[in-house]
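**Q** Predicted model and sequence below, questions to follow.
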Amino acid sequence: MIRVLVADDHPVYLDGLAAAIRRTEDLELVATCGDAAAAVRHIRAAPPDVAACNEISRAVHGFDRGGELEEAIARKTASVVEHRGRITGYTTGVAFTSHTVAETNIGLMALIGAATEFGRPGFLLPTRNHEVFTWCLKGGLRLVYQMTLMTVGLYNEPTGAYLPSVLY
């Protein structure tokens with residue numbers, strides 16, 4: 001089931017599109033909003049499922065980051081991506097000091113593409129993920145700094161798509 005939120009400032013168009021979605025199998029109309037700002041408020045009012053996000057983090061990194069996610073929810077910088085009614089990725093913000101985790105590159109690209117802003121000085125993207133890196137470049141983003149992140153102690157290579165944070 002694909003969940004849909006419709007936003008438009010023209011009431012007749014909004015009602016017609018909502019009616020068409022209600023009649024379409026595999027689509028669920030979540031809400032209708034009269035403008036984009038109302039749509040953003042509606043989306044941010046429903047907090048993501050932290051437990052589902054922790055499952056994704058454990059699958060990718062081997063541990064959960066629920067504390068950071070709850071802080072991002074409080075700051076209203078967290079977002080999730082869903083596929084077929086299931087959370088498949090989340091972000092605490094697409095920024096240098098935030099992290100993003102997804103099951104697939106498509107989920108990661110959805111989170112980057114949906115970001116309303118990028119925290120300064122940008123975000124970290126492992127260039128070895130050439131599919132997402134190329135997608136970003138084709139989308140008009142640019143490489144600002146080439147960096148090498150290093151760790152002290154045991155390091156487990158993540159097994160999914162992710163944007164690391166310099167803080168963790």
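**A** Thanks, I have the structure now.
**Q** low-scoring stretches of the protein, by residue?
**A** Applying pLDDT under 70 to the chain flags the ranges 1, 44-48, 168.
**Q** tell me the contacts of the closest residue to residue 59 other than its chain neighbours?
**A** Using CB to CB, 6 or more residues apart in numbering and skipping residues adjacent in sequence, the residue nearest residue 59 is residue 160, 6.4 Å away. Bear in mind the C-beta positions are built from the backbone N, C-alpha and C, glycine included. Applying CB atoms under 8 Å, 6 or more residues apart in numbering to residue 160 gives the contacts 56, 59, 60, 101, 102, 103, 104.
**Q** Distance of residue 3 relative to residue 43?
**A** 11 Å (CB to CB, to the nearest Å).
**Q** Tell me which of these two has more neighbours.
**A** Shown here are residue 3 and residue 43; by other CB atoms under 10 Å, residue 43 has more neighbours (16 against 12).
**Q** Check what contacts the strand or helix carrying the more buried one and list those residues.
**A** In this structure, residue 43 sits in helix 36-45 according to DSSP states H and E. The contact list for helix 36-45 (CB under 8 Å, 6+ apart) reads 5, 7, 31, 33, 76, 116.
**Q** Return the set of buried residues in that helix.
**A** Within helix 36-45, the residues scored as buried using 16 or more other CB atoms under 10 Å are 39, 43.
**Q** what's the domain layout of this structure?
**A** Domain assignment for the chain by automatic domain parsing gives 2-45, 50-163.
**Q** Nice, that's everything, thank you.
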